[in-house]
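Undergrad: Curious how this folds, go ahead:
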Amino acid sequence: MDIRILNPASQPSGEFRILQWLEDCFASQKYSHCKFAVAFAHAIPFYKLGIQISNWKLAGKTIEAIFGIDLHGTSRQALDYALSTFDRTFVVNTRASTFHPKLYIFYGESEATVYYGSSNFTVGGLETNFEGGIILRLDLPEDKSVLEQAENTFAALLPEKLSCSVKLTPEILIKLQNSKVLLDESLPKRGKANEETVCRALKNAGDNVLADVFGSYKVKPAKTIPKAMMNAKDETKKGTKAPNKSLIARAPIVSGLIMQIAPHKNGEIHLSKIAVDQNPNFFGFPFSGKTTPKKASNAAYPQRVPDPVVNIEVYDDSGKLVHSESLYNLNTIYYTAKSEIRITITPSILSGLSIESSDEYPILVMSESLETSCDYDLTFYAPGSKEYITYVSMCNQQLPSGGKSTPRKMGWF
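TA: Here you go, the predicted model:
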């Protein structure tokens with residue numbers, strides 16, 4: 001087995017490019033099977049490799065590929081080419097994280113080669129970007145176990161192993177195209193036309209296109225930020241030794257909040273003053289708008305204007321998705337009397353939480369959305385599910401009890 005560690009500067013300098021490696025592999029008589037999995041794919045590299053791929057197919061050799069469709073990184077044209085040319089093509093989307101691997105495998109009877117690194121199937125990834133990775137050249141059958149590891153890595157991303165992976169069909173390609181999640185390479189790279197396409201990406205999520213195409217997949221949550229980091233500024237007020245200022249500056253930068261909640265029958269959910277104090281930026285606080293009181297004599301409260309746009313998913317005590325809403329306008333106010341943020345959701349949306357005890361708290365996971373047309377993803381879990389237990393274990397801060405026997409908990413990630 002030969003191992004080559006690639007120098008990231010080799011691509012932009014032209015000394016060594018993955019595109020040339022792919023061209024050589026497709027042209028080689030040593031290989032008869034190709035499999036690759038990439039996060040992003042564009043059509044131009046297919047044009048450049050078109051003759052080699054055509055000859056490969058004419059020789060009866062196989063090619064399979066797996067593509068991510070996140071962040072508008074894969075084009076309709078690339079998927080159309082793969083669908084019409086490859087033996088099998090698959091697409092992956094979790095709606096909760098980014099599909100990001102870059103794996104290329106070629107093998108035959110006596111030899112194999114594997115690239116695992118950072119190169120997407122794009123002009124930048126294969127030719128001009130500073131990219132890194134490792135290329136293995138394997139002798140068979142001596143290095144069969146290494147090839148099997150690479151093949152198992154590819155196989156782990158297929159539908160029989162991964163619920164959010166599906167085989168690409170003409171019908172699915174049309175659905176993805178209509179949902180605006182695919183890049184259209186026929187549009188200008190910059191300018192209003194393409195900007196509007198990007199802004200519209202996932203805007204049709206109300207049709208549940210992605211949920212209809214891809215199976216449900218739960219991503220294990222990221223590690224919680226330590227309580228001491230979030231409370232760093234408060235600790236200095238108490239006369240304790242001041243922590244490192246650079247750490248204080250970084251502490252409020254978060255991607256999400258986990259909190260036990262007690263929804264009211266009217267759909268109102270009280271968040272925490274502690275959460276607001278620790279990270280006002282996460283909530284877009286302070287708010288610039290004002291509520292309109294039903295009675296003129298009542299005080300107006302600060303309100304976030306416009307309402308943040310959110311996606312909502314509700315899971316019952318078995319972990320089953322029982323309700324979802326896309327692009328929901330979330331009424332968000334700052335209740336000055338108790339210094340807390342309150343959000344309001346139509347009660348029927350949360351009915352699947354079915355809380356029987358006042359001390360039994362569902363979990364709210366509030367995270368910044370990956371969708372360009374959305375501010376947050378709100379995911380609710382009823383007590384009892386495996387996911388609920390996981391998120392409760394991540395709550396490393398205790399909130400005031402408010403007179404209840406069991407106080408709520410929260411945590412940042």
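Undergrad: roughly how far apart are the residue nearest the centre of the chain and Lys180?
TA: Nearest to the geometric centre of the chain sits Ser97, at 1.9 Å (C-alpha atoms, centre = their mean). Going from Ser97 to Lys180 by C-beta to C-beta, to the nearest Å gives 20 Å. Just so you know, the C-beta spots here come from the backbone N, C-alpha and C atoms, and that holds for glycine as well.
Undergrad: does His323 count as helix, strand or coil?
TA: strand (DSSP: H, G, I helix; E, B strand; the rest coil).
Undergrad: burial count for it?
TA: His323 has 16 neighbouring residues, counting by other C-beta atoms under 10 Å.
Undergrad: Could you measure from it over to Met259?
TA: In terms of C-beta to C-beta, His323 sits 19 Å off from Met259.
Undergrad: if we can go back for a sec, spatially nearest residue to the residue nearest to the centre of the chain, not counting backbone neighbours?
TA: Val219 (4.6 Å; C-beta to C-beta, 6 or more residues apart in numbering).
Undergrad: How much space separates the one you found from Gly256?
TA: 12 Å.
Undergrad: what about the two, which has more around it?
TA: Gly256 (19 against 11).
Undergrad: Ramachandran angles for the closest residue to that one other than its chain neighbours?
TA: Leaving aside its sequence neighbours, Gly256 sits nearest to Ser367 (C-beta to C-beta, 6+ apart; 3.3 Å). The phi/psi pair for Ser367 (degrees, to the nearest 10) reads phi -130, psi 150.
Undergrad: dump the residue contacts of the nearest residue to Leu182 once chain neighbours are set aside.
TA: Of all residues not flanking Leu182 in the chain, Arg76 sits nearest, at 4.3 Å (C-beta to C-beta, 6+ apart). With contact taken as C-beta atoms under 8 Å, 6 or more residues apart in numbering, Arg76 is in contact with 173, 176-177, 182-185.
Undergrad: So what's the residue count around Ser54?
TA: 12.
Undergrad: What are the buried residues along stretch 290-307?
TA: 291, 301-304, 307 (16 or more other C-beta atoms under 10 Å).
Undergrad: Extract the C-alpha trace of that stretch and format it as CSV.
TA: C-alpha atoms of stretch 290-307 as CSV (Å, rounded to 0.1, in the frame of the first residue of the first chain):
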residue,chain,number,x,y,z
LYS,A,290,-44.0,47.6,20.7
THR,A,291,-47.1,45.5,21.3
THR,A,292,-50.6,46.9,20.8
PRO,A,293,-52.5,46.4,24.1
LYS,A,294,-56.1,45.3,23.9
LYS,A,295,-56.9,48.0,26.5
ALA,A,296,-55.5,51.4,25.9
SER,A,297,-54.8,51.7,29.6
ASN,A,298,-52.5,48.7,29.6
ALA,A,299,-48.8,49.0,29.1
ALA,A,300,-47.1,48.1,25.8
TYR,A,301,-44.3,45.7,25.8
PRO,A,302,-41.2,45.5,23.6
GLN,A,303,-41.8,43.2,20.7
ARG,A,304,-39.5,41.7,18.1
VAL,A,305,-40.5,43.2,14.7
PRO,A,306,-40.9,41.6,12.3
ASP,A,307,-41.8,38.3,13.9
